[in-house]
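Student: coords please:
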Amino acid sequence: MRVDNCFFCGRPAWPSKGITFNRNDGKSFRFCRSKCHKNFKMKRNPRKLKWTKAYRKNAGKEMVVDSTLQFAARRNVPVRYDRELFAKTLKAMERISEIRSRRERIFYKKRMAGKRAREVAAARKLVADNEHLLPRLRGSEKKRLAELAAEQGVDVEDLEREELATLRSSKKTKAFGGETRRLRVRTDGGVEEITEAMAGHMHEGMEDDDEDDEDDDMDTD
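Tutor: Numbers count the residues shown, from 1 in each chain. The predicted model follows:
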């Protein structure tokens, strides 16, 4: 059984699956799914699409030079059927898949080494650049925390961090307003909870005030 690779994305196209496109010049193209077929007809470059094997190879995210990849190469050499050779081939295929999976895991670990440190460094840089947006403690709060730390024998910086954390967790966004929860009694005797946004009520109140102002203007006229 021959398993061809998709001409566009490089995934395996199994027999009786996928699409085969025969061009007028006699060349045939094998596709694993309609997505690859449509992108091929739209003349898109597979090296510029992140979900293809060609892009991953160019970006260094795929193993290119490995001895296990040579076993998947095409060999148009007819071999006489032999039961023992067939059994050995199946065992060799299983062993090769195990070796390839292990090497892919090692390749992934080496490629992703240091990613956590880079993410932490980028996050610290972002916080340092936008430090003016973070909430700060007042002078009276700092003085109170210093006195409390002197009494308890605790570091002042730890208390300040805890206080800032509580401030950030309890801080509400004024742009969207708060929420009001009300209980409504249904006709069947049940009770349901309704959540209403304060911003909407504020907006409605402003509209009512505008209407009252217009009525006053009409009365004065």
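Student: what sits opposite residue 20 in the beta ladder?
Tutor: Here residue 20 sits in beta bridges with residue 30, going by DSSP bridges.
Student: so who does it touch?
Tutor: With contacts defined as CB atoms under 8 Å, 6 or more residues apart in numbering, the neighbours of residue 20 are 28, 29, 30, 31. Where C-beta positions appear, they are placed from N, C-alpha and C, glycine not excepted.
Student: contact partners for the second one?
Tutor: Residue 29 is in contact with 7, 20, 21, 22, 23, 40, counting by CB under 8 Å, 6+ apart.
Student: now for the contacts of residue 20: which two are most distant?
Tutor: By the measure CB to CB, 28 and 31 form the most distant pair in those, at 10.5 Å.
Student: okay, the two: which has more neighbours?
Tutor: Remark: of residue 28 and residue 31, residue 31 carries more neighbours, 23 against 10, as counted by other CB atoms under 10 Å.
Student: so which strand or helix has residue 99?
Tutor: Taking DSSP states H and E as the criterion, residue 99 maps to helix 83-111.
Student: count of neighbours near the closest residue to residue 149 other than its chain neighbours?
Tutor: Setting aside the residues directly before and after it, residue 149 is nearest to residue 156 in space (CB to CB, 6 or more residues apart in numbering), at 4.5 Å. By the criterion of other CB under 10 Å, residue 156 has 14 neighbours.
Student: touching, residue 156 and residue 146? I think so.
Tutor: Yes - using CB atoms under 8 Å, residue 156 is in contact with residue 146, at 5.4 Å.
Student: which residues of this protein score low on pLDDT?
Tutor: Applying pLDDT under 70 to the chain flags the ranges 1, 168-180, 196-221.
Student: mind giving me the domain split of it?
Tutor: Residue ranges for each domain of the chain read 1-62, 63-133, 135-169, as given by the TED database.
Student: single out the most deeply packed of the ones you listed.
Tutor: Between the domains of the chain, domain 1-62 has the highest mean count of neighbours, a mean of 14, where neighbours are mean count of other CB atoms under 10 Å.
Student: how far off centre is it?
Tutor: The gap between where domain 1-62 is centred and where its chain is centred comes out at 25 Å by CA atoms, centre = their mean, to the nearest Å.
Student: repeat for stretch 105-114
Tutor: A distance of 19 Å separates the centroid of the chain from that of stretch 105-114, by CA atoms, centre = their mean.
Student: quick one: contacts of that stretch?
Tutor: The list of residues contacting stretch 105-114 from outside it, by CB under 8 Å, 6+ apart, reads 60, 61, 63.
Student: swap the cut-off to 6 Å and go again
Tutor: Contacts made with stretch 105-114 from outside it, assessed by CB atoms under 6 Å, 6 or more residues apart in numbering, are listed as residue 63.
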